[in-house]
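In: Give me a model of this one.
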Amino acid sequence: MPKIAEIEDTPNPNAVKFVLKDRIAWGAAKSYASLEEAADDELAVRLFGIEHVSNVFYMDNWITVTQDGEADWPDLVRRIAQPIREAKAAEMPVRTETEPQQDEDPRLSAIRKVIEERIRPMLLGDGGDLEIMTLCGNLLCIRYYGTCGSCPSSQAGTLVAIENLVRTIEPGIEVVAV
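Out: Numbering: from 1, shown residues only. This next block holds a predicted model:
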């Protein structure tokens with residue numbers, strides 16, 4: 001049963017990040033935008049059972065919950081805290097050998113590296129994340145998760161910052177959030 005260490009505001013006024021003393025996942029992020037998507041995840045199902053919860057995103061020892069903008073945060077935080085405290089702590093996964101990745105576009109490798117080093121740490125710190133979906137020609141498609149998914153600054157400021165960074169690798173790249 002994870003204990004809540006901190007409850008943090010995020011840049012998204014509709015999202016709150018709960019930092020836990022125990023892990024609820026090991027490395028793999030889990031992101032759900034609806035009860036239907038979360039059907040196989042007991043914690044997410046319980047959180048979606050709380051009125052106004054619109055998104056659940058978690059990994060390692062933190063969870064970000066986004067609301068629809070209609071709830072009072074102090075009351076909602078109290079209701080959200082209960083299922084988090086009752087969740088099962090994640091067991092350390094057994095390591096398995098993985099196949100080496102196939103060679104990918106060198107531009108995409110360089111973009112992944114700069115995003116891993118310069119962008120993801122900030123997003124993770126705020127309770128969100130992003131995934132590079134595709135690089136097709138000069139169009140880089142990314143998907144935001146957690147607090148970033150509905151945050152106004154991620155759709156404008158962060159997207160521009162990412163585009164400026166990747167243009168140091170390839171000047172003509174355009175970045176879009178999908």
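
In: Every contact and neighbour count from this point should use C-alpha atoms.
Out: Noted.

In: these two touch, right, N12 and G149?
Out: No - using Cα atoms under 8 Å, N12 is not in contact with G149; the gap is 9.1 Å.

In: per-domain residue ranges of this protein.
Out: Domain ranges of the chain: 4-86, 106-177, per automatic domain parsing.

In: Could you tell me the least trusted of those?
Out: If you rank these by mean pLDDT, domain 106-177 sits at the bottom with a mean of 87.

In: those strands in this protein, which residues are they?
Out: Taking DSSP state E as the criterion, the chain carries its strands at 4-9, 15-20, 30-32, 53-59, 62-67, 128-136, 139-146, 174-177.

In: JSON lines for those strands, including distance to W73?
Out: Below are the strands of the chain laid out as JSON lines (distance: least, Cα to Cα, whole Å):
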{"stretch": "strand 4-9", "distance to W73": "10"}
{"stretch": "strand 15-20", "distance to W73": "9"}
{"stretch": "strand 30-32", "distance to W73": "20"}
{"stretch": "strand 53-59", "distance to W73": "11"}
{"stretch": "strand 62-67", "distance to W73": "9"}
{"stretch": "strand 128-136", "distance to W73": "18"}
{"stretch": "strand 139-146", "distance to W73": "17"}
{"stretch": "strand 174-177", "distance to W73": "28"}
